[in-house]
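Novice: After the sequence you'll find the predicted model.
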Amino acid sequence: MPACRGRDPGRAAILDGPVQEGKGVRVDVDRHEEDERGELDFTGRTVVVTGSSRNIGRAIVLEFARRGANVVINTRRDEQAAVAVADEAAALGAQALVVMGDAGDRATIEAIRQQATERFGRVDISVSNAARRLHRSFAETSDEDWAYHLNQQLTASWCLAKAFVPGMQAAGWGRLIHINGPDGWLGGADRIPHSVAKGGLRNLTKSLASALGPFGITVNDVVPGFQDTVRDPVTHPMLTAELTAEAVKRIPIRRLPTMAEVAWACAFLASPRSGGITGSAIHVDGGQFRLS
């Protein structure tokens with residue numbers, strides 16, 4: 001049964017929505033509701049975040065939870081960590097749902113769609129965050145590596161759109177946010193499939209933005225730079241405290257951007273007043289790469 005909702009999410013349509021024949025999009029920046037959460041109030045909205053049991057995904061879930069959204073948490077293996085994030089979200093007053101499974105598996109995405117729809121009615125905001133990196137040379141990278149990483153980071157984002165866009169179209173409002181990375185612009189010699197997937201993801205974002213804009217749906221990338229996250233030493237074997245210190249010296253703000261700042265960028269792009277931003281990329285890297 002769909003969960004009880006707060007403010008009618010349709011009220012956000014005073015700010016953006018689908019194009020109507022001969023009318024265009026209604027935009028009224030002076031008429032918006034003020035409450036304890038200000039203009040970033042997601043009460044009654046439902047957000048799915050893949051790969052959200054820790055690190056950036058967890059930060060995104062909690063950002064939306066504290067702003068009133070229903071949150072759907074997904075991870076492929078650590079159910080205990082996912083439940084802990086759900087408990088944190090509940091402590092912030094949010095309703096939370098955990099759906100286990102690899103986001104690169106279409107069955108997982110269908111399970112997320114089905115369970116989220118049953119619990120909350122529909123999904124309004126989809127954040128494609130799940131990603132695994134490998135550290136292998138060209139010679140060591142197998143065809144299986146290539147297929148797996150393109151599927152998990154590129155095809156999975158396509159499948160998330162296919163799963164949730166119909167409901168967004170019916171509502172006349174929706175947000176797709178893809179967590180990209182500098183490798184999508186710069187490439188990476190020791191993680192070629194990952195880098196190619198991220199580059200393809202950038203083009204997917206721009207293509208979906210063009211296709212879905214008339215329906216009141218925006219599609220954007222958020223691109224974290226070097227972050228102080230928990231990393232697997234197998235996939236990041238050269239990451240040391242000394243390397244981190246050297247990297248910080250090359251960041252104009254002279255510190256690592258935080259996961260909370262990445263999450264804030266997602267909330268900003270999901271807000272009704274960001275309806276004029278689509279096909280874009282926000283780089284939360286402290287100016288390290290200055291990518292366009």
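Specialist: Received, thanks.

Novice: going forward, measure contacts and count neighbours with C-alpha atoms only.
Specialist: Will do.

Novice: Which residue is the nearest non-sequential neighbour of residue 41?
Specialist: Spatial nearest neighbour of residue 41, excluding adjacent residues (C-alpha to C-alpha, 6 or more residues apart in numbering): residue 67 at 5.2 Å.

Novice: Surely that neighbour is in contact with residue 43?
Specialist: Yes: using C-alpha atoms under 8 Å, residue 67 makes contact with residue 43 at a distance of 6.8 Å.

Novice: the strands in the stretch 1-150 of the chain, which residues?
Specialist: Applying DSSP state E, counting those that start in this stretch to the stretch 1-150 of the chain gives strands spanning 46-49, 70-75, 96-100, 125-128.

Novice: leaving aside the residues next to it on the chain, what's closest to residue 115?
Specialist: With sequence-adjacent residues excluded and distances taken as C-alpha to C-alpha, 6+ apart, residue 115 is closest to residue 99, at 7.9 Å.

Novice: in the helix or strand of the chain with the lowest mean pLDDT, what counts as buried?
Specialist: Counting by mean pLDDT, DSSP states H and E, the weakest-scoring helix or strand in the chain turns out to be helix 241-249, with a mean of 82. Going by neighbour count (16 or more other C-alpha atoms under 10 Å), the buried part of helix 241-249 is residue 248.

Novice: Also stretch 126-143?
Specialist: By 16+ other C-alpha under 10 Å, the buried positions in stretch 126-143 come out as 126, 127, 128, 129, 130, 131, 133, 134, 135, 136, 141.

Novice: what is the rounded mean pLDDT of that stretch?
Specialist: For stretch 126-143, the mean pLDDT works out to 91.

Novice: What is the burial count for residue 40?
Specialist: Close neighbours of residue 40, defined as other C-alpha atoms under 10 Å, add up to 21.

Novice: Report the distance from stretch 91-99 to the chain centre.
Specialist: Averaging C-alpha positions (C-alpha atoms, centre = their mean, to the nearest Å) puts stretch 91-99 17 Å from its chain's average.

Novice: mind listing what's buried in that stretch?
Specialist: By neighbour count on 16+ other C-alpha under 10 Å, the buried set for stretch 91-99 is 92, 94, 95, 96, 97, 98, 99.

Novice: what's the most distant pair in those residues?
Specialist: 92 and 99 (19.6 Å; C-alpha to C-alpha).

Novice: Any figure for the gap between the closest residue in space to residue 274 that isn't next to it in sequence and residue 42?
Specialist: Nearest non-adjacent residue to residue 274, counting by C-alpha to C-alpha, 6+ apart: residue 268, 6.8 Å away. Look at residue 268 and residue 42: by C-alpha to C-alpha, to the nearest Å, they are 11 Å apart.

Novice: which one of the two has more residues nearby?
Specialist: Neighbour count, other C-alpha under 10 Å: between residue 268 and residue 42, residue 42 has more, with 26 against 14.

Novice: how long is stretch 120-138 end to end?
Specialist: Start-to-end span of stretch 120-138 (C-alpha to C-alpha) is 45 Å.

Novice: on that earlier part again, downstream neighbour of the helix or strand hosting the residue nearest to residue 274 in the secondary structure list?
Specialist: Using DSSP states H and E, residue 268 sits in helix 259-270. Following helix 259-270 in sequence order, the next helix or strand is strand 281-284 (DSSP H and E).

Novice: quick one: that following strand to chain centroid distance?
Specialist: How far strand 281-284 lies from its chain's middle: 12 Å, per C-alpha atoms, centre = their mean.
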